[in-house]
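Fold the stuff below for me.
(2 chains)
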Amino acid sequence: ETGVTQTPRHLVMGMTNKKSLKCEQHLGHNAMYWYKQSAKKPLELMFVYSLEERVENNSVPSRFSPECPNSSHLFLHLHTLQPEDSALYLCASSQRERDEQYFGPGTRLTVT
Amino acid sequence: QKEVEQDPGPLSVPEGAIVSLNCTYSNSAFQYFMWYRQYSRKGPELLMYTYSSGNKEDGRFTAQVDKSSKYISLFIRDSQPSDSATYLCAMSARTGANNLFFGTGTRLTVIP
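This next block holds a predicted model:
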C-alpha cells in the first residue's frame, strides 16, 4: 500500500448505529487530519493530530470522536449521527511543518 | 464574507482550449497557495504549490498569485479530457499552520 488509504470506501448507517472510519498513511508523516466534504461547500477541517496529539477540534459535535493510536493510523468513531452528517469524509496527512497535505480517497457516508 | 471564494462552475471547454480557474480571498495574511485536483470518487491530490506573489509553471499548468488583488489563478494549456475533474484552491497564512482554507471547487469538463 502506498499513500493514504481509507476504509471503508462506502458506509450506510442508521442514526442509532456505531461505526468507525479508518485511515492509514504510508508516507512517514507526523500530522493527520479529518475533513468533511459536502456538496457546494469548502472542505471542513474537523480534527488535526500532530505528533499523535490532538491540536485542533473545530467545534465538531461530540457524536464524532477521533482516535490517533500512532503516527500512521487515524480513526473516526461515529455514533448517533444525523442525516446532515452524510458526506464524504477525507483523511489527509502531512509533515507538521509543511502545508502540503496528501489525501486519501475518502469514505462516502450515508446516514439514514 | 467567506475566507476563500471560488466559482463552482461547471465549466466545459473543448479539448485543446486554455482553461483559467480562479479564486479570490479576503485575508491579506495568506501567503501560501495551493491547487488541488479531485477526480470523481477520489480524494484531492496536490497539483501546484506557490509562495507569495508571482507565477509557477509545471508542464501544462501555471499557477499565478496576485496578492495585491487577493486573486489566484490556475491556467491549463492544451487541455485534455483527462483534466476533467474538480479543482480546489487552498491557502494558509503561515507554513505548517495545519489549517488550510479551501475554496468550494470548480468542476471542469474537457470535451473531446
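
Quick check: beta-bridge partners of the residue positioned nearest the centre of chain A?
Ranked by distance to the mean C-alpha position of chain A (C-alpha atoms, centre = their mean), the top residue is A:W34 at 3.1 Å. Per DSSP bridges, the residues bridged to A:W34 are A:F47, A:C91.

so what's the residue nearest to A:N70 when sequence neighbours are not counted up against?
Distances taken as C-beta to C-beta, 6 or more residues apart in numbering or on different chains put A:E52 closest to A:N70, at 6.4 Å, once the chain neighbours are dropped. Backbone N, C-alpha and C define where each C-beta goes, glycine included. Contacts for A:E52 (C-beta atoms under 8 Å, 6 or more residues apart in numbering or on different chains) come out as A:68-71.

go with 10 Å
If you count contacts by C-beta atoms under 10 Å, 6 or more residues apart in numbering or on different chains, A:E52 has them with A:30-32, A:68-74.

for B:W35, same thing?
B:W35 sits next to B:21, B:23, B:44, B:46-50, B:56, B:61, B:63, B:72-74, B:87-90, B:103 when contact means C-beta under 10 Å, 6+ apart.

one step back: now do the residue nearest to A:N70 against B:N55, distance only.
Applying C-beta to C-beta, to the nearest Å, the value for A:E52 to B:N55 is 39 Å.

Just want the residue of chain B that's nearest chain A.
Proximity to chain A, evaluated over chain B using C-beta to the nearest C-beta, is greatest for B:G43 at 3.4 Å.

residues touching that residue, list them.
Applying C-beta under 10 Å, 6+ apart to B:G43 gives the contacts A:3-4, A:6, A:35, A:37, A:88, A:90-92, A:101-106, B:36.

one more time with 8 Å
Counting by C-beta under 8 Å, 6+ apart, B:G43 makes contact with A:4, A:6, A:90, A:92, A:103-106.

so of those residues, which ones are in helices?
Among these, DSSP state H puts none in helices.

on that earlier part again, right, and the residue nearest to the centre of chain A touches A:S93 too?
No. Applying C-beta atoms under 8 Å as the test, A:W34 and A:S93 come out as separate, 10.9 Å apart.

what stretches of the chain score poorly on pLDDT?
Using chain A here. Low-confidence segments of chain A, defined by pLDDT under 70: A:1, A:58.

Can you look at chain B instead?
Residues of chain B meeting the criterion pLDDT under 70: B:1, B:96-98.

tell me which parts of it are close to chain A?
By C-beta under 8 Å from any C-beta of the partner chain, the residues of chain B that approach chain A are B:2, B:4, B:8, B:32, B:34, B:36, B:41-46, B:49, B:88, B:90, B:92, B:95-104.

redo that, cut-off 10 Å
Within chain B, the positions near chain A by C-beta under 10 Å from any C-beta of the partner chain are B:2-6, B:8, B:32-34, B:36, B:38-39, B:41-46, B:49, B:51, B:88-92, B:94-105.

got a markdown table for the contacts of B:G43, with distance to chain B and neighbour count too?
Compiled in a markdown table, the contacts of B:G43 are given as follows (distance: C-beta to the nearest C-beta, whole Å; neighbours: other C-beta atoms under 10 Å in any protein chain shown):
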| residue | distance to chain B | neighbour count |
| --- | --- | --- |
| A:V4 | 7 | 24 |
| A:Q6 | 8 | 21 |
| A:L90 | 5 | 25 |
| A:A92 | 8 | 25 |
| A:F103 | 3 | 24 |
| A:G104 | 5 | 26 |
| A:P105 | 5 | 18 |
| A:G106 | 5 | 24 |
